[in-house]
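Undergrad: pasting the structure only:
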């Protein structure tokens, strides 16, 4: 792990891009770099810094009041307005999520979704369909065990997309269908891996057959990341 990290740092120095270096400040307006995902996850616990980054990048949002439901709740949730800064709607509307998740969603829109929609359909993403973010529950809805990242709004489940030309893309329907829709879904799944601590898709297990699970789980010093 240490050697791999040092190799990434050396590569970042050679490339001369601030987003490829671990010690430089995060800028949501920069392209995704080698350490962007880790910097986004590190925003957990610093709501003021995260919200300042959203504001500086032109992301429209409303800060939500803290919530506590026993073992669950959040301190840093926001509600994106028009999805972020590119007029992409979130459906259903009114979704609140932890600020680091919102920051990653905005960067995903700009750097991944937009390029993939142009490449495969010569269109724009106009809507992201989701299954929600905050849910006071344990992993897989079990009665015991670790709490889900949804229990602190540090996750979002993505069900599909609608494009400017009317095309609708569904994880449940199109992941295994082949063609442009399946290629689009795999591209945006892979692109999410550079922004979120955890990305789970239908390739992971049957529980994710109809959505992408994206979260910003803080995993301590190791900072290991999951991309399936």
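TA: Noted; the coordinates are in hand. Nothing here was measured: the structure is a model prediction, and the numbers come from that model.

Undergrad: residue ranges with poor pLDDT in the protein?
TA: By pLDDT under 70, the weakly predicted segments of the chain are 1-16, 82-86, 220-223.

Undergrad: show me where it has its helices.
TA: Taking DSSP state H, the helices of the chain run over residues 2-15, 36-41, 47-56, 99-108, 114-121, 171-174, 179-192.

Undergrad: quick one: which of these is nearest residue 148?
TA: The minimum distance between residue 148 and the helices of the chain falls on helix 99-108, with 13.2 Å, by CB to CB. The way it works is simple: take the backbone N, C-alpha and C, and place the C-beta from them, glycine included.

Undergrad: for the closest one, packing partners?
TA: helix 36-41, helix 47-56, strand 77-80, strand 155-163, helix 179-192, strand 212-215 (3 or more CB pairs under 8 Å, 6 or more residues apart in numbering; DSSP states H and E).

Undergrad: buried deepest among those, which one?
TA: Stretch with highest mean neighbour count among the helices and strands packed on helix 99-108: strand 212-215 (a mean of 26; mean count of other CB atoms under 10 Å).

Undergrad: quick one: residues in contact with it.
TA: 101, 104-105, 108, 149-150, 154-158, 171, 188-189, 192, 196-201 (CB atoms under 8 Å, 6 or more residues apart in numbering).

Undergrad: same thing but 6 Å
TA: Residues outside strand 212-215 that contact it (CB atoms under 6 Å, 6 or more residues apart in numbering): 149, 154-158, 189, 192, 196, 198-201.

Undergrad: distance to residue 56 added to those residues, as JSON lines?
TA: Formatted as JSON lines, the contacts of strand 212-215 follow (distance: CB to CB, whole Å):
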{"residue": "149", "distance to residue 56": "26"}
{"residue": "154", "distance to residue 56": "22"}
{"residue": "155", "distance to residue 56": "25"}
{"residue": "156", "distance to residue 56": "22"}
{"residue": "157", "distance to residue 56": "28"}
{"residue": "158", "distance to residue 56": "25"}
{"residue": "189", "distance to residue 56": "28"}
{"residue": "192", "distance to residue 56": "22"}
{"residue": "196", "distance to residue 56": "21"}
{"residue": "198", "distance to residue 56": "26"}
{"residue": "199", "distance to residue 56": "26"}
{"residue": "200", "distance to residue 56": "30"}
{"residue": "201", "distance to residue 56": "31"}
